[in-house]
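Here you go, sequence then predicted model.
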Amino acid sequence: MSRFLVSLSLLANLFLLASNAYSDPLISRVTPPSKPYHQGQNEPVTARFLTDQRFDLQTTVQPDAGTTITQVRFVIDGKELVKISAQNSNTANTSFVTTGLVEGLKPNSAVVSFRGYSNKQEGIHHLVVEATQSDLKVTADEWHVFEIVGLQRLGSKAKNVIIFLGDGMGATHRTAARIVAKSYEQGKANGRLAMDTFPVSGLVMTASLNSIVTDSSPGMSNYVTGNKANNNEEGVFPDDTKDAFDNPRVEYLSEYLHRIKGTSLGLVTTADVFDATPAANAVHTSDRGKGSGIVDQYLDDQNLTGLRVLMGGGRKWFLPNASGKIEKNQPVINGSQRTASSDYVLPDDLVTGWGAAKGAKDPERNLIADFRSAGWQYAPNYSVLKDAISTKNPPHQLLGLFTFSNMNVAFDKINGRRCASEASASAFANGCAAGTGKGPFGEGIETPLSSSSPRGSVVHDFGFPDQPMLDEMTDAALKVLDHDNDKGFILMVEGASIDKQSHLMDTDRWILEVLEFDRAVAMGQRYAQAHPDTLVIVTADHECSGASLIGSLKVNRDTVAKNLASDPGKAAVLRDKQVGVYEGAGFPRYRILADGYPADTDIQGKVLIGYGANADRYETWLSNPRPTSDSQQPFIGVEPLNTYPAHPAARNAENGLFIAGQVPGDNAVHTGTDVPLGAMGRGATLFTGFFDNTDVFFKIGQAMLGGVRE
Amino acid sequence: MKSAFKSLILKSSLTLECMALCMSMIALNALAAPNALAAPSSLSSLPPSTIKFGDLYKMPVGPEGLEPSEKLLNLANQRVSMLGYVVTQTPIVPGRIILSPLPITMDDEDERLADDLPATAVFVHFDPTHEAITQLLDHPIGTLLKVQGILSVGLQEEADGRVSTIRLTIE
């Protein structure tokens, strides 16, 4: 239907609506969300879909006191799609839910759904919801529209797409990493990061459905659904029920392409795999914290997503929670964090409408065993991962769970590797006592909470000494996905702790995270060069911390240490005598070792970062030998991890320069600033200019389904 | 420095209050005063065994998850003494506190289960009608507590949906 005709239809319906304006029942929500035309918009603001992309229709209706809702009709472009009555409510792909609703609704309110709708007709569509209550009063909400976006039929299509997602990575993060890795002379960079060399660049607006500042759930979800989601929600629209897994869904890129052309999916992250970014490619939930249900659905719905690679941390969600179980005369203890309350069971209409697994509240489930039974190979560490992909026939499906929660960061993983080698340990000024293999931090001390024992490197402290780097994980993922790859794949690779370390304002750690991420990008770049039918995108879901490159350190490490000792906390020394700005910043020059990372992050002239979205912190400008605590780790707080700073306001509190935060809480926050995007390979030219994060979905769709002129 | 000092003052004032209220069951001490950690008179004639967070599991972590230490298993169902930080939790769970090896605040309203509770946390159960202990639920972050109770091990889902591995039950 043309927009002109839609407008005429809307005008005609104005008269109808006028008569219903003061009628009950009240239709308080219509999904998919759109900004009504009568607010002066000429275009639908939010809901857009590709041809035949699935999504749910849903409405919340609140009746007059003493009445109930008896019937709801969904009408599209003047034709009745479905009539759902309270009597025969929960059949096939429809539901009429009156229990388990959020507070604040009128008594007898109903949430009524039609699951798995799709439309092949390009253009604007007019959605009317009509509700009838038991006293026969009828109300219609006639102002909602959605758009089916047409694709141009052009030339060659992209077969594969690789999305590199630097979580929280703004322009400053990239600049700082470039300066550290490549250095500058006479105002020019001596080299480029891999992500700098992508031929096409764009700038992305990152807002979510309900905020100018997104979190990582909609930050990722918006890229791969084409629609805005609320903060903390992924792959769904908001609703008025309490259940975190019954929200109205919108089909992911992975599901859409797998359904249409059998595409495979790979998810690689340095975070816990249940974390928002990986989950927002495959799992539909309004609560990003529902770990058990999220990881269960990775496996249960692999037939919907085509998931073949899942790598990162998060082993604790995959272990059976055998409450009270005794084996070999001992209680089962494995650190499982699986719970019934974080698990999922889907309503029948969702199961029918989407062909999704029903699910079960089964904290006792051994998900690693279930993955193995389904044909997946499991790698608990880098040694096993290397072995798995070293053959000519890599596994068809690969599960890597390298830590209990988030993986350790590059700074600490590299330190651990260097510490294990006498030769490299002696070359790493940040690192180890040469040749001891014990790590840089000296002997352990007795504390009230722990026994005394020698400390090792950070990865040993955490109990996971053999973790892969992100580029090694990316290489493994590409080998698995490329094997028998006749239908193409989507691979999402996340540098998760760019964000997490930016939250903590741990400058050296997030800079090395960007370097690690860029080495993974280079891996994807090489793959695309060898496979020109591949599209590669590198971007971020949002910026984190308001990072700004303010200058460089004017003095050397020893002088900083002396100043910290003699004038602890004094701005007159720690700031005024040490922070070089403008020409005082000069051009930092780091020494990069063969492993690709700096030998020493505490050089004279090191890059200094200020934070515009900061929480309280104490700054020394030197690298922190121990990371700020990630308390989801199993041994956090146990010696030696109990000596790790609990949060930025506790780190260096004894001698650092106090910098008052501008935001509440003990972490820096995400910002609403735009983020850069780079593209290479087939379809890259679509990504130039300035666009919304939801536009990325349609550009990928154009590249993979419509094709591009080359 | 500023926040650590503030925390210490709060802990010290609570220490005095608690020592007066619940001497027979719980000893409470400030982190900065480890020498003052002597346990109170025990309910039992036998002194409780002491176990620390660092004694609970084997390292490194195995492919199939955590593995309990011999010491932990040997102390199961016995009276033990353990020192840890009381987790600040909203909402409060009556009759239960959580001991953690580091100070933590959890707000279930905002974060639900994606929070910062370490896997080594120990869940402490007590009679919810016991007024003196219940007052501990309203505590400042950083409260360090020494608890004596009967140690039980094994995975168990708690009333709020969390999973406990190790529990102490105050008699």
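The structure has been received and is ready for your questions. Numbering: from 1, shown residues only, chains lettered A, B, ... in the order given.

which residues does residue A:29 form a beta bridge with?
residue A:60 (DSSP bridges).

Quick check: it touching residue A:240?
Yes: if you go by C-beta atoms under 8 Å, residue A:29 and residue A:240 touch, sitting 6.1 Å apart. Any C-beta I mention is one placed from the backbone N, CA and C, and that applies to glycine too.

ok, residue A:521 - how many residues close by?
For residue A:521, the count of nearby residues is 29 (other C-beta atoms under 10 Å in any protein chain shown).

Please tell me how far the helix ranked longest in chain A is from the chain's geometric centre.
Assignment by DSSP state H gives helix A:507-530 as the longest helix of chain A. Chain-centre distance of helix A:507-530: 17 Å, with C-alpha atoms, centre = their mean, to the nearest Å.

next SSE after it?
Moving toward the C-terminus from helix A:507-530, the next helix or strand (DSSP states H and E) is strand A:534-539.

Show residues contacting that next one.
Residues from elsewhere that reach strand A:534-539 (C-beta atoms under 8 Å, 6 or more residues apart in numbering or on different chains): A:158-166, A:169, A:195, A:198, A:204, A:223, A:521, A:524-525, A:527-528, A:675-684, A:687, A:696, A:700, A:703-704.

OK, now which residue of chain B is nearest to chain A?
In chain B, the residue that lies nearest chain A is residue B:101 (2.5 Å; C-beta to the nearest C-beta).

thinking again about what came up before, buried residues, the longest helix of chain A. List them.
A:507-525, A:527-528 (16 or more other C-beta atoms under 10 Å in any protein chain shown).

How about stretch A:255-270?
A:255-259, A:263-270.

circling back: tell me the average confidence for the longest helix of chain A?
Throughout helix A:507-530, pLDDT has a mean value of 97.

what angle separates it from strand A:534-539?
In terms of direction (axes from the mean of the first three to the mean of the last three C-alpha atoms, to 10 degrees), helix A:507-530 departs from strand A:534-539 by 160 degrees.

residue at max distance from the center of chain A?
Within chain A, residue A:135 marks the point farthest from the mean C-alpha position, 47.4 Å out by C-alpha atoms, centre = their mean.

who's in contact with that one?
By C-beta under 8 Å, 6+ apart, the neighbours of residue A:135 are A:64, A:67.

Quick check: it is in a helix.
No: under the criterion used here (DSSP: H, G, I helix; E, B strand; the rest coil), residue A:135 is coil, not part of a helix.

roughly how far apart are it and residue A:458?
68 Å (C-beta to C-beta, to the nearest Å).

again with residue A:261
Counting by C-beta to C-beta, the gap from residue A:261 to residue A:458 is 44 Å.

same thing with residue A:202?
37 Å.

Which one of the two is surrounded by more residues?
Higher neighbour count among residue A:202 and residue A:458: residue A:458, with 26 against 22, using other C-beta under 10 Å.

Excluding chain neighbours, what is closest to that one?
residue A:412 (3.7 Å; C-beta to C-beta, 6 or more residues apart in numbering or on different chains).

my guess is that neighbour meets residue A:459, correct?
Yes: counting by C-beta under 8 Å, residue A:459 is a contact partner of residue A:412 at 5.8 Å.

So what sits opposite residue A:399 in the bridge?
According to DSSP bridges, the residues that bridge with residue A:399 are residue A:310, residue A:378.

Pull up the gap between it and residue A:258, please.
From residue A:399 over to residue A:258 (counting by C-beta to C-beta), the distance is 18 Å.

In chain B, where is pLDDT below threshold?
The model of chain B has pLDDT under 70 over residues B:1-46, B:102-119, B:132-142.

Tell me the strands beside the longest strand seen in it, with direction?
For chain B, the strand that runs over the most residues, judged by DSSP state E, is strand B:144-157. Here strand B:144-157 has these sheet partners by DSSP bridges: strand B:26-28 (antiparallel), strand B:79-86 (antiparallel), strand B:163-169 (antiparallel).

Dump those strands to CSV, plus distance to residue A:120 and mean neighbour count.
CSV is the format used below for the strands paired with strand B:144-157 (distance: least, C-beta to C-beta, whole Å; neighbours: other C-beta atoms under 10 Å in any protein chain shown):
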stretch, distance to residue A:120, mean neighbour count
strand B:26-28, 68, 24
strand B:79-86, 59, 23
strand B:163-169, 46, 22
